[in-house]
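[1] Okay, predicted coordinates and the sequence, questions at the end:
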Amino acid sequence: MPDAELVAQQRHDDMDGIPPPAAQLDVVGHEAAFGALTQALDGGRMHHAWLLQGPQGIGKATLAFAFARTLLASTGEDPVAVARQVAQGSHPRLIHLSRPLADRGSGFKTQITVDETRRLMHFFHTTAGLGWRVAIVDPADDMNRNAANALLKILEEPPARSLFLIVNHMPGRLLPTIRSRCRVLRLGELQASDIAARLRQDVPDASDDEIAQASAQAMGSMRTGFQNLIGGGGEVNAQVRRLFALSTPDWAGIQALADAVTAKGREASYGVMVRDLFRALGAESEAALAAGNLGAAERLAAFWQSEDARWREGEAYNLDRKQMLLTFFTGLSAARND
C-alpha cells in the first residue's frame, strides 16, 4: 500500500506533500534497531518502555510507528487495515502523544501538557484486556515538568501488555528517572545515499543534481534533506549565513529574506530558515565558549533559550512571521553587544 493512500493525523511538524511518520511504511537506515525490537517481541522479552534516542529528523518516530504496526498486527489483525488505522490515528490500541492544537489561534501548543499525559491513563483503562496497547510519546523533549512526572508514574507501574515508545532528541531534556525505566535504542545519522533514495521516491520531479545536493547537505537527517530539496534549503542557508556574518544587522537583507520565506507556497522555506537561524546561533555560542569568551557564550545561550520559547509561542498563536524574524535580529544584536 503506497504511502500516498494513507491519510494521517495533523502534526505540529508536518511538511506539505510529505507523508508523516505514521504513514511512512518503510524504515530507512534503522533496520538494526527495528530488528532489536522484533527480536524482543519474538523472544517474549518485550520491555514495557523503549527510549528511541538520536538527532532530530533521522526517523525515530517513523521507527516507532513501524514497530507499532508490527506489534498490533501480531495478534492476527490484517496488516493493511492496521497500517491504515495507524496512519489515520484511529487504531483503538494505539495512542500518540504530541503537541496538541492550541486552544486559541490556528497553531499548536508549545509543549506536551499534563492533560495530554492524563489521556494515557484513560486509554489504558478503556483498552484493558484487548491485547497489546502502544503509546508513542513524540518527542519526550516537548513534555513540560508536570507531564513528565505524570508519565513517570505510569512507567513505574506499567499496565499489563503495554508498550511505550518514547522519542527523544536531546537526552539532557529528559528526566533521569524516566530514562532509568526504559531500554535505550540509540539511532545514528542516516547515510546520504539512503536520504537520496527516499527523496527520489517522494519527489520524483527533482533532478539528480538537486537530490544529490540536498542529501549531501542533510547532515544525516531525512527531514533536513526534504527541507533542502523542497524548501530551497541551500539558498536560504546561504542568506542566513551571510546575515549572521555581519557585525551590524542588514535590515534590507533581513526584510528580503522575510519576504521570500513568507511568500505563498514557501512554508518549507520558512521551516528551513528557522532551522538555520538556531543552528547558526548555537554555533556562534559554541565558538565563543571555545575561544574562552564565557560572557558572550552565556549571553548567546540565554538568547537561544528565550528565542526558542518565543518562536514556539509565535507558531502556537500564529504571530506575524516577518516581525518574528526582525525581532530575532534585534535581539541577536543586543546579545552580541551587551
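    Right, received. Where do you want to start? Numbers count the residues shown, from 1 in each chain.

[2] Give me the phi and psi for the nearest residue to G29 once chain neighbours are set aside.
    With sequence-adjacent residues excluded and distances taken as C-beta to C-beta, 6 or more residues apart in numbering, G29 is closest to L190, at 4.3 Å. Any C-beta I mention is one placed from the backbone N, CA and C, and that applies to glycine too. The phi and psi torsions at L190 (degrees, to the nearest 10) take the values phi -80, psi 150.

[3] neighbours of L190, just the number please.
    26 (other C-beta atoms under 10 Å).

[4] What distance do you get for it to Q56?
    12 Å (C-beta to C-beta, to the nearest Å).

[5] list the residues that contact both of those two?
    Jointly contacting L190 and Q56 under the rule C-beta atoms under 8 Å, 6 or more residues apart in numbering are S221.

[6] Model confidence at S306, what's the number?
    What the model reports as pLDDT for S306 is 93.

[7] Let's verify M46: helix, strand, or coil?
    Per DSSP: H, G, I helix; E, B strand; the rest coil, the secondary structure class of M46 is coil.

[8] hang on, the residue nearest to G29 packs against V28?
    Yes - using C-beta atoms under 8 Å, L190 is in contact with V28, at 6.6 Å.

[9] Count the residues that sit near A135.
    26.

[10] Correct me if wrong, but it is in a strand.
    Yes - counting by three-state DSSP, A135 is part of a strand.

[11] Which pLDDT does the model give it?
    pLDDT, A135: 98.

[12] That one contacts F164, correct?
    Yes - the criterion here is C-beta under 8 Å, and A135 meets it with F164 at 5.0 Å.

[13] ok so, going back, overlap in contacts, L190 and V28.
    Joint contacts of L190 and V28 (C-beta under 8 Å, 6+ apart) are 59, 222.

[14] can you give me the helices in the protein?
    Here the chain has its helices, by DSSP state H, at 31-42, 60-73, 79-88, 114-126, 145-156, 176-179, 192-202, 208-216, 222-230, 233-245, 251-261, 267-290, 294-316, 321-337.

[15] between those helices, which one is nearest to H12?
    With C-beta to C-beta as the measure, helix 294-316 is the member of the helices of the chain nearest H12 (7.6 Å).

[16] Contacts for the closest one, please.
    Applying C-beta under 8 Å, 6+ apart, the contact partners of helix 294-316 are 12, 102, 105, 107-111, 274, 278, 281-282, 284-286, 288-289, 319, 321, 324, 327-328, 331-332, 335-336, 338.

[17] Run the angle between it and helix 321-337 for me.
    170 degrees (axes from the mean of the first three to the mean of the last three C-alpha atoms, to 10 degrees).

[18] Flag every buried residue along helix 294-316.
    Using 16 or more other C-beta atoms under 10 Å as the test for burial, helix 294-316 gives 296-297, 299-301, 303-304, 307, 310-312, 314-316.

[19] same thing with stretch 319-336?
    Under 16+ other C-beta under 10 Å, the buried positions of stretch 319-336 are 319, 321, 324-329, 332, 335.

[20] Repeat that for stretch 181-195.
    181-182, 185, 187, 189-190, 192, 194-195.

[21] Out of those, the closest to P79 would be?
    L185 (22.8 Å).

[22] Please determine how far the closest one is located from H47.
    10 Å.

[23] before we move on, what about P249?
    51 Å.

[24] residues touching D13, list them.
    Per C-beta under 8 Å, 6+ apart, neighbours of D13: R223.

[25] Over to it: give its phi and psi.
    Per degrees, to the nearest 10, the backbone of D13 is at phi -120, psi 30.

[26] any idea how far it is from E315?
    D13 is 10 Å from E315, where distance means C-beta to C-beta.

[27] repeat for Q24
    From Q24 to E315 the distance is 23 Å (C-beta to C-beta).
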